[in-house]
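Asks: Below is the sequence, then the predicted model.
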Amino acid sequence: MTFSRCYGPVSSCPARRLRSSSPPALRSASPVSIRSSWCAKPARRCSDRRRCPVIRRIPYAAADERDAHNRIRLASDLQTAVANQELLFHYQPQIDLASGDVVGAEALLRWNHGAFGLQPPDRFIAVAEETGTILDIGAWGLHMLTAQAAKINRGRRIPIRFSFNVSVVEFTRRDMVAFVERVLDQTGCRPEWLTLELTENLMVPEPGQIRCVFEKLRRLGVGISIDDFGTGYSNLRYLESFPLSEIKVDRSFVHDLAHSAAKRVIVESIVKLGAALDIRVVAEGIETEAERAIMRALGCSVGQGYLFAAPMDDVAFQRLLDDGLALREGWDARRLLTMLDGSGA
Ligand code: C2E
Ligand code: MG
Ligand code: MG
């Protein structure tokens, strides 16, 4: 059995009924087992998340228990991952959709765990945020990335812009301006080579405070990007009141663009807003030639996605830059759009 929080009203909560009929072993479950069970499955949610603090019991299989143990082990091992040099970045190129040149790269965290192998960030970022380990990881990450940016851009005629994902916890628990300034100084990375990516939700709790930090970072010359734009508490006011340099259109809007007139209208509006406000628009998750062609025809300047390249290690990324990769357009984009509009897709 696993325990997870029920968020429905107490009076209607099925946990009440379940509690009396549950086996004795469950009633005496230790905090460790509750914790491990919580780790095994994300909370099952009732309709009203905020009101019911009651613990509810849901059956689960042996595989979940294994998973729970693995997650607990991950959480504990994560504390030494930085010191043991188990973290690394993979880099995903960002392409100028007009020229096909690599103009940027997003640094995506990986954890090379001794027993479980290479772990994607979705497996451990949330735990790192919960335990505070994200502060060490973020400090290591910014040092690593800016040092890499300085190394790669030294002697490059047109520098590559590097994007770094920042957690909300880092923004609220450290002086980001002083921290970024210090790290740039130590690594010799120019501020304009660095863009910090944040999700929209980060801006909800303390908009005034966040805006002040953004303004200081922008004055330093560092870029600020809204990641996964359109998926969070989308608020057009962000575009007006935050000094953003970039918007990343979430891949859910890019996916299957050819078959959705509504998505094309939304993307075109975002691109126009970006152009009017002097904010660069980057399309994430471009997987097909059609998606690239349409994004380009809609006026989006930069794209990222498996069509161009999956995230790769630093050696492969350097090789790609040395080879001077340029992915040129293979579609007549305007004609394609006319065809789609004509068919009423
Ligand atoms: P994100 O910043 O939105 O990163 C893009 C994610 O989409 C990456 O997954 C990337 O591998 C994936 N992706 C790229 N191109 C395509 C595509 O064409 N199709 C599809 N389906 N997916 C594509 P990844 O590397 O697993 O990262 C997941 C999330 O983890 C990131 O989302 C970001 O929010 C977070 N993350 C990654 N690195 C860091 C980090 O250093 N610090 C923090 N705080 N979060 C990070
Ligand atoms: Mg990102
Ligand atoms: Mg994203």
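Replies: Everything's here; your move. Ligands and ions are numbered 1, 2, ... in the order given.
Asks: ok, which residues in the stretch 101-250 of the chain are in contact with ligand 2?
Replies: Taking C-beta under 5 Å from the ion as the measure of proximity, the stretch 101-250 of the chain contacts ligand 2 at 165, 197, 227. Heads up, the C-betas are built off the backbone N, CA and C, glycines and all.
Asks: which residues touch the closest residue in space to the first one that isn't next to it in sequence?
Replies: To tie it back to what came earlier, the one meant is N165. Closest residue to N165 apart from its sequence neighbours, by C-beta to C-beta, 6 or more residues apart in numbering: E197 at 4.8 Å. Counting by C-beta atoms under 8 Å, 6 or more residues apart in numbering, E197 touches 106, 163-166, 225-227, 248.
Asks: what about the helices in the stretch 101-250 of the chain?
Replies: Assigned by DSSP state H, counting those that start in this stretch, the stretch 101-250 of the chain shows helices spanning 125-131, 133-153, 168-173, 176-187, 207-220, 236-241.
Asks: Just grab the bridge partners of the residue of the stretch 1-150 of the chain found nearest ligand 2 for me.
Replies: Of the residues in the stretch 1-150 of the chain, the one nearest ligand 2 is E106, at a distance of 5.5 Å by C-beta to the ion. According to DSSP bridges, the partner residues bridging E106 are Q92, S163.
Asks: The residues of the stretch 101-250 of the chain next to ligand 2 in strands, which ones?
Replies: Secondary structure from DSSP state E places 165, 197, 227 of those in strands.
Asks: among these, which are in reach of ligand 3?
Replies: Within the set of those, contact with ligand 3 (C-beta under 5 Å from the ion) is found for D227.
Asks: can you tell me which of the contacts of E197 are up against ligand 1?
Replies: Restricting the contacts of E197 to those near ligand 1 by C-beta under 6 Å from any ligand atom leaves 165, 227.
Asks: Identify the residue spatially nearest to F308, adjacent ones excluded.
Replies: Among residues not flanking F308 along the chain, I95 sits closest, at 5.0 Å (C-beta to C-beta, 6+ apart).
Asks: Can I take it that the one you found is in a strand?
Replies: Yes: according to DSSP: H, G, I helix; E, B strand; the rest coil, I95 belongs to a strand.
Asks: before we move on, the earlier item: any chance of the contacts of E197 in CSV, plus pLDDT?
Replies: Below are the contacts of E197 laid out as CSV (pLDDT from 0 to 100):
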residue, pLDDT
E106, 98
S163, 98
F164, 98
N165, 97
V166, 96
S225, 96
I226, 93
D227, 93
K248, 96
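Asks: Would you reformat the helices of the stretch 101-250 of the chain as JSON lines and include mean pLDDT?
Replies: Written out in JSON lines, the entries for the helices of the stretch 101-250 of the chain read as follows (pLDDT from 0 to 100):
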{"stretch": "helix 125-131", "mean pLDDT": "92"}
{"stretch": "helix 133-153", "mean pLDDT": "97"}
{"stretch": "helix 168-173", "mean pLDDT": "87"}
{"stretch": "helix 176-187", "mean pLDDT": "98"}
{"stretch": "helix 207-220", "mean pLDDT": "90"}
{"stretch": "helix 236-241", "mean pLDDT": "81"}
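Asks: Let me know which of these is tucked in deepest.
Replies: The highest mean neighbour count among the helices of the stretch 101-250 of the chain belongs to helix 133-153 (a mean of 20), with neighbours defined as mean count of other C-beta atoms under 10 Å.
Asks: any chance of the helices of the stretch 101-250 of the chain in JSON lines, with distance to V281 too?
Replies: Formatted as JSON lines, the entries for those read as follows, by distance: least, C-beta to C-beta, whole Å:
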{"stretch": "helix 125-131", "distance to V281": "25"}
{"stretch": "helix 133-153", "distance to V281": "22"}
{"stretch": "helix 168-173", "distance to V281": "23"}
{"stretch": "helix 176-187", "distance to V281": "24"}
{"stretch": "helix 207-220", "distance to V281": "18"}
{"stretch": "helix 236-241", "distance to V281": "11"}
